[in-house]
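S.K.: Take this sequence and fold it.
(one chain, ligands or ions: 2)
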Amino acid sequence: MHTRVHFHSSREQVRVPNVIALVGLPARGKTYISHKLCRYLNWIGIKTRAFNVGEYRRKACDFSNEGKSDFFNPQNLRAVKIRDECARLAMEDMGQYLENKEGEVAIFDATNTTRERRKWLVDFCKKEDRDPKFRIFFVESVCDDPEIINSNIAEVKISSPDYVGRMTEEQARDDFVRRIENYKSQYETLDEELDDELSFIRVINAGRSFYVHNVNGHVQSRVVYFLMNIHLLPRSIYLTRHGESEYNRIGRLGGDSPLSDNGLTYAQKLREYFEKENVPGDLRIWSSQKIRAAQTANHMKDLAAHVEYWKVLDEIDAGICEGLTYEDFQARYPKQFAERDKDKYHYRYPSGESYEDLVARLEPVIMELERQSNVLVVSHQAVLRCILAYFDNKNRSELPYLNVPLHTIIKLTPKAYSCEIEMFKFKIDAVDTYRAKPNEP
Ligand SMILES: O=c1[nH]cnc2c1c(-c1ccccc1)cn2-c1ccc(Br)cc1
Ligand SMILES: O=P(O)(O)OC[C@H]1O[C@](O)(CO)[C@@H](O)[C@@H]1O
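M.R.: Ligands and ions are numbered 1, 2, ... in the order given. Okay, the predicted model is just below:
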């Protein structure tokens, strides 16, 4: 009988609640950072939610009767009152989220461009009757590169609910530039002397340089590490499973079987796809160290600088079920089989892995994908579900059931706040290895 030891990440209860507060003028990528950080922290298992004050303001007052940029004029006292009220509401909701332990990290996405506003936040996190106090980390984004600012305004501002359908793009752009001017007059940047006791990072020109001050604790150091590895440069990430393998054909899990004839055909067609794709610059190819993946990647050899073989890209280890079919698994270990369907993300095969283990094993791959330009990843069903869940912001109950069929290329193209996903299914026969969640009895 196998001794089963349950390792549950009990660290979640231990960690102090963290607030990550953005600082910066409009169109400095605060919401971009907020969305991306939220997605990364949730994926690595740190429950995180973003609170965007702009959304509270849009709920509080529709813009039909408000002057757009004038609403942000500091002399407009009525508007100042509404904006402060929205910030207070967002802060209250954030406080509840952390107090009720719904999550460990709250991201406060607002301009926070005055020392007074930031002091309000700090006092809120450290207030007398709060136990435990919230740790707060400021992420300031400063940017004077007009190209970056204009791409931000073009990509996300003029299509924002504040403008769309109310004025022309030209008018929207002009109004937004006036809105920025309103904030500039009041902007007090973080200062290493005046704000010496604060913890913060200043990101300059979309990550061209950084100033890091008084980093405190595990979450803040992960945030700094992540922000120093992401970039805005346009590129695409291609994901594909190996071609159909002999084990796929007989429904066996895991193993290290070679490609079937169909699989070999797919490997050839994959190469032809990339010959036509004309990927700009050089294409990096990462393969797992399983024969079926290496055979698939090797058909691309001379198209890419070189193929790299990563063991961390190997398929989920099914432990005692390696080499079995699902039918064998159910017949031989009925209790285990039933347990897996109850919570497929946390279920760990005896002597094997869970999807949660896979995510932990794949974190360096995600970090390197963020750093790189155009990459093709040749891997496996469970592994690609984890990678896809990161880029498509899928949670831990959806992740183990994502559809990643054989003989299909998944092309990811990151956009401002989301990732464009295209799936190219090749007309080459392949078995269907997808096993749906059985409906509740
Ligand atoms: O506009 C900007 N100014 C300044 N920094 C910016 C942007 C954007 C951006 C650009 C276009 C659309 C949506 C967001 C991203 N970052 C950014 C910030 C921090 C890091 Br680390 C990487 C990128
Ligand atoms: O988590 P699921 O749905 O069983 O999929 C993972 C399985 O898919 C395969 O890659 C192909 O069936 C197996 O090697 C692996 O155990």
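
S.K.: make it CA atoms for all contacts and neighbour counts henceforth
M.R.: Will do.

S.K.: show me where this protein has strands.
M.R.: With DSSP state E as the criterion, the chain has strands at 18-23, 48-52, 105-109, 135-142, 200-204, 209-213, 237-241, 284-287, 307-309, 375-379, 408-414, 419-425.

S.K.: Pull up the pairing partners for the second one, direction included.
M.R.: Going back to what we said before, that points to strand 48-52. Strand pairing for strand 48-52, determined by DSSP bridges: strand 105-109 (parallel).

S.K.: circling back to that earlier point, can I get the strands of the chain in TSV with mean neighbour count, distance to ligand 1 and mean pLDDT?
M.R.: As requested, those are exported to TSV (neighbours: other C-alpha atoms under 10 Å; distance: least, C-alpha to the nearest ligand atom, whole Å; pLDDT from 0 to 100):
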stretch	mean neighbour count	distance to ligand 1	mean pLDDT
strand 18-23	25	11	98
strand 48-52	22	15	98
strand 105-109	27	13	98
strand 135-142	23	6	98
strand 200-204	22	6	98
strand 209-213	14	9	98
strand 237-241	23	18	98
strand 284-287	23	22	97
strand 307-309	18	27	96
strand 375-379	25	20	98
strand 408-414	19	11	98
strand 419-425	13	12	98
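
S.K.: okay if I get those as CSV plus distance to His299?
M.R.: Output for the strands of the chain, formatted as CSV (distance: least, C-alpha to C-alpha, whole Å):
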stretch, distance to His299
strand 18-23, 46
strand 48-52, 41
strand 105-109, 44
strand 135-142, 44
strand 200-204, 41
strand 209-213, 40
strand 237-241, 13
strand 284-287, 11
strand 307-309, 10
strand 375-379, 12
strand 408-414, 15
strand 419-425, 18
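
S.K.: CSV for those, including distance to ligand 2?
M.R.: Shown next, in CSV, are the strands of the chain (distance: least, C-alpha to the nearest ligand atom, whole Å):
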stretch, distance to ligand 2
strand 18-23, 33
strand 48-52, 26
strand 105-109, 29
strand 135-142, 37
strand 200-204, 39
strand 209-213, 40
strand 237-241, 9
strand 284-287, 14
strand 307-309, 17
strand 375-379, 9
strand 408-414, 14
strand 419-425, 17
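
S.K.: These: which one's closest to Asp62?
M.R.: Asp62 lies closest to strand 48-52 among these, at 16.3 Å (C-alpha to C-alpha).

S.K.: Can I get the closest one in PDB, CA atoms only?
M.R.: Listed in PDB are the C-alpha atoms of strand 48-52, where the atom choice follows Å, rounded to 0.1, in the frame of the first residue of the first chain:
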ATOM      1  CA  THR A  48      -4.800  38.300  -6.100                       C
ATOM      2  CA  ARG A  49      -7.500  40.800  -7.200                       C
ATOM      3  CA  ALA A  50      -7.100  44.200  -8.800                       C
ATOM      4  CA  PHE A  51      -9.200  47.200  -7.700                       C
ATOM      5  CA  ASN A  52      -9.300  49.800 -10.500                       C
END
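
S.K.: what's that strand in contact with?
M.R.: Strand 48-52 has contacts (C-alpha atoms under 8 Å, 6 or more residues apart in numbering) with 31, 34-35, 38, 41-42, 90, 94, 103-110.

S.K.: rerun that using 7 Å as the cut-off
M.R.: 34, 38, 41-42, 90, 94, 103-110 (C-alpha atoms under 7 Å, 6 or more residues apart in numbering).

S.K.: for stretch 262-269, same thing?
M.R.: 243-245, 296, 299, 407, 428-430.

S.K.: That stretch near ligand 2 anywhere?
M.R.: No - judged by C-alpha under 6 Å from any ligand atom, stretch 262-269 and ligand 2 are separated, with a smallest distance of 13.4 Å.

S.K.: same question for that stretch, mean pLDDT?
M.R.: Averaging pLDDT along stretch 262-269 yields 98.

S.K.: Kindly report the same for stretch 344-356.
M.R.: Mean per-residue pLDDT for stretch 344-356: 98.

S.K.: Look at it and report the distance between its end residues.
M.R.: Counting by C-alpha to C-alpha, to the nearest Å, you get 9 Å between the two ends of stretch 344-356.

S.K.: Repeat that for stretch 126-140.
M.R.: End-to-end distance of stretch 126-140: 20 Å, with C-alpha to C-alpha as the criterion.

S.K.: what does stretch 231-246 give?
M.R.: 40 Å.

S.K.: go on, stretch 222-232?
M.R.: Distance between the two ends of stretch 222-232: 19 Å, counting by C-alpha to C-alpha.

S.K.: Give me the contact list for that stretch.
M.R.: Here stretch 222-232 makes contact (C-alpha under 7 Å, 6+ apart) with 207, 367, 370-371.

S.K.: Then stretch 105-117?
M.R.: Taking C-alpha under 7 Å, 6+ apart as the rule, stretch 105-117 contacts 17-26, 30-31, 34, 47-53, 94, 118, 186-189.

S.K.: Can you tell me the closest non-neighbouring residue to the residue of the stretch 1-150 of the chain found nearest ligand 2?
M.R.: Residue nearest to ligand 2 within the stretch 1-150 of the chain: Trp43 (17.5 Å; C-alpha to the nearest ligand atom). With sequence-adjacent residues excluded and distances taken as C-alpha to C-alpha, 6 or more residues apart in numbering, Trp43 is closest to Tyr390, at 6.1 Å.

S.K.: Equivalent analysis for Thr48, please.
M.R.: Distance criterion C-alpha to C-alpha, 6+ apart; nearest residue to Thr48, sequence neighbours excluded, is Val105 at 4.6 Å.

S.K.: do Lys68 as well
M.R.: Counting by C-alpha to C-alpha, 6+ apart, Lys68 lies nearest to Asp175, which is 6.8 Å off, once chain neighbours are set aside.

S.K.: Quick check: which ranges of this protein have low pLDDT?
M.R.: 1-13, 63-67, 440-441 (pLDDT under 70).

S.K.: give me the number of residues near Asp129?
M.R.: For Asp129, the count of nearby residues is 7 (other C-alpha atoms under 10 Å).

S.K.: ok, now how distant is it from ligand 1?
M.R.: Here Asp129 is placed at a distance of 34 Å from ligand 1 (C-alpha to the nearest ligand atom, to the nearest Å).
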